[in-house]
Every structure is written in C-alpha cells, then in structure tokens.
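>>> below: sequence and its predicted model.
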Amino acid sequence: MSSRLASRPRCSRCNLSRHLCLCAEIPQVQTRTRILLLQHVMEIAKKSNTGRVAALAMPNSQVIIHGAPSGTDLELLSEPGTWLLYPDGPTAPPDAPPPRQLVVLDASWSQARRMTQRLPELRALPRLVLPPPEPGLLRLREPSHPSGMSTLDAVARAVEALEGREVAEPLERLAALRVQRIAACGTLY
C-alpha cells in the first residue's frame, strides 16, 4: 500500500476516511437507558472504532476514556441502576427492573477482559448478556471471541433487548451501512 493511500484524510467526527464519512447518515436515537461507553485509550485513534459512532448517534450517551494518563473518573459506574454489557458473569435477577444506565466496554476482547478484571466497579455490576450474534451479521472481520461484534452492533442489540426493535433499528442500519461502505472500498478505510 502506498503511503499516499495510508494517510488519507479522516473525518474528525466519525474518524473514517473522508470518502467513507458516515456523518450525514448518523441518526439521533433517543433511549430511556443511558449508554456509558467506557473506551480503552487505545481505541481512540482506531479507524475501526465504532464506539465513537454509537455515541454520536445517541444523545443519552457519554464516553469515558480508560487508561489515559490523567486517570479515569469511575464514579458514574456506581450509580444505582447501572449494568454492564458483557458476555458472562453475574446476570441481573429476572425480576430486576431494567437498567437506567448500561456500561459498554469499547475495547478489544483482551482489553475488555483486563478492564473487567482490574476495575472492581465493573466486577460488581449485574450483567446484560446478549446471545451470540446471528450468522448473517455483516462484519469486516471474524471476531476473536464467539460473542464478538463491533461496539456499534453490541449497542444496537442491547438497545433492542432493553427498549425494543423499533428503537434499535436506526443503529442496526447505521452499523450495516458502515460495513457496506468499507467493504466496497476494500481495505482502504
């Protein structure tokens, strides 16, 4: 790959190459559940980062950076009614009220696993466990974990589980559009 292609200018908002920019397509999805994206510091600059796109689409969301030199304020994780989206661990009782806030880890699987191991605030949270993704889910690459999917896909599926298909559909369409645009251009995103 030439250096000219490797250094294509990116959109400062969605972080994709400008020719793939999704900003005009990003919906505004109103949710009752607050989505708190706990983003690993190594995800910030990645072109593949979909947590940024999820946050742009959801006014009732917030991104907190984990691993920054200045430290991370984890006080929000202790708010009552907070759950963690994670594929295993202590699930909430079936009769529990739905979460008011859902923590979503925006990280690779190994980073997410280390975050849950190292942060007692995360270990204490009840879990929302999603079933593994359907075989037809559009992806750019095979996940490293059986339940693996992009952060945007995970948020869409969690919103569907908590608030219904109608609320989640714009997020699902956005995730599919992102994959389609990138796939149509090959690896140059």
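Looks like it arrived, so ask away.
>>> and the end-to-end length of stretch 92-99?
9 Å (C-alpha to C-alpha, to the nearest Å).
>>> typo on my end, stretch 42-50
End-to-end for stretch 42-50, by C-alpha to C-alpha: 13 Å.
>>> what mean pLDDT does that stretch have?
Per-residue pLDDT values across stretch 42-50 average out to 81.
>>> buried stuff in it?
For stretch 42-50, the buried set under the neighbour-count rule, 16 or more other C-beta atoms under 10 Å, comprises 43-44, 49-50. Glycine gets a C-beta too; all of them are placed from N, C-alpha and C.
>>> max pairwise distance over those residues: which two?
Pairwise distances across the buried residues of stretch 42-50 peak at 12.7 Å for I44 and T50 (criterion: C-beta to C-beta).
>>> picking up where we left off before, closest to A96 out of the buried residues of stretch 42-50?
When the buried residues of stretch 42-50 are compared against A96 (criterion: C-beta to C-beta), the nearest one is T50, at 28.1 Å.
>>> the closest one contacts A175, doesn't it?
Yes - shown here, T50 and A175 form a contact pair, counting by C-beta atoms under 8 Å, at 7.1 Å.
>>> and for those two, which residues touch both?
Jointly contacting T50 and A175 under the rule C-beta atoms under 8 Å, 6 or more residues apart in numbering are 150, 152-153.
>>> can I get the residues you listed in JSON lines including neighbour count, distance to P27 and secondary structure?
As requested, the shared contacts of T50 and A175 are exported to JSON lines (neighbours: other C-beta atoms under 10 Å; distance: C-beta to C-beta, whole Å; DSSP: H, G, I helix; E, B strand; the rest coil):
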{"residue": "S150", "neighbour count": "25", "distance to P27": "17", "secondary structure": "coil"}
{"residue": "L152", "neighbour count": "25", "distance to P27": "12", "secondary structure": "helix"}
{"residue": "D153", "neighbour count": "25", "distance to P27": "15", "secondary structure": "helix"}
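>>> TSV for those residues, including pLDDT and distance to R10?
Listed next are those as TSV, based on pLDDT from 0 to 100; distance: C-beta to C-beta, whole Å:
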residue	pLDDT	distance to R10
S150	85	18
L152	93	17
D153	90	21
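>>> nearest residue to A175 in space, please, no chain neighbours.
Ranked by C-beta to C-beta, 6 or more residues apart in numbering and with sequence neighbours excluded, the top spatial neighbour of A175 is L152, at 4.5 Å.
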